[in-house]
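1. Build me a model:
(one chain, ligands or ions: 1)
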Amino acid sequence: MKRFRRKFLRILGLSYFLSLLSPHNLLYAVTKKIINPNLTDKQKKIMLEEDTERPYSSPLNQEKREGFFHCANCGAKLFDSTAKFDSGTGWPSFTESLPGAFETKVDYSFGMKRIEYHCAKCGVHHGHIFADGPKSTQKRFCSNGLCLIFKPKN
Ligand SMILES: [Zn+2]
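-> As a prediction, this is how the structure comes out:
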């Protein structure tokens, strides 16, 4: 029994060591950089710890003007207002992002497999992409309004 346990521990140690070398760790390590010094604690918690704002809490749910949605941290242009739609979920939702605006990773938290997306420029978390969007793309970028700044055209 003792010998078995020692062997078991050795295998455990080895798999831990191998997991450190695995490309997954390198692939999924996203470097997040805070650029805007005026971010609130709540914004930082969402951006750095992948927290989620309360549904229906964002004034951007009602935003219907023409313009662009930017990253509240680094200012990068992320969504065109033409991609915004009312998903009824309580979070600002978009069918697509501007090309190259985001990078994605697979998120296994809460026992679900979800696609997380983060700003390609500064790395902070913005939301998750779901496959239940409108016909045009079938995608729903479910965004935290606190991570976005809207700038109207003109
Ligand atoms: Zn950014």
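
2. for the ion, what are the nearby residues on this protein?
-> Cys71, Asn73, Cys74, Ala76, Cys119, Lys121, Cys122 (CB under 5 Å from the ion). All C-beta spots, glycine's among them, are computed from the backbone N, C-alpha and C.

3. Of those, which belong to strands?
-> Among the residues of the chain next to the ion, DSSP state E puts Cys71, Cys119 in strands.

4. which of the residues of the chain next to the ion has the most neighbours?
-> When neighbours are taken as other CB atoms under 10 Å, the top entry among these is Cys119 (26 neighbours).

5. Could I get the contacting residues of that residue?
-> For Cys119, the contact set (CB atoms under 8 Å, 6 or more residues apart in numbering) comprises Cys71, Asn73, Cys74, Ala76, Leu78, Ala101, Phe102, Glu103, His126.

6. Now do the buried residues in the one helix or strand Met47 maps to.
-> Met47 is part of helix 41-49, with elements assigned from DSSP states H and E. Going by neighbour count (16 or more other CB atoms under 10 Å), the buried part of helix 41-49 is Gln43, Lys44, Lys45, Ile46, Met47, Leu48.

7. so the last one touches Lys33, yeah?
-> No: no contact is recorded between Leu48 and Lys33 when judged using CB atoms under 8 Å, the distance being 10.0 Å.

8. Mutual contacts of the two, please.
-> Listed as contacting both Leu48 and Lys33 by CB under 8 Å, 6+ apart are Val124.
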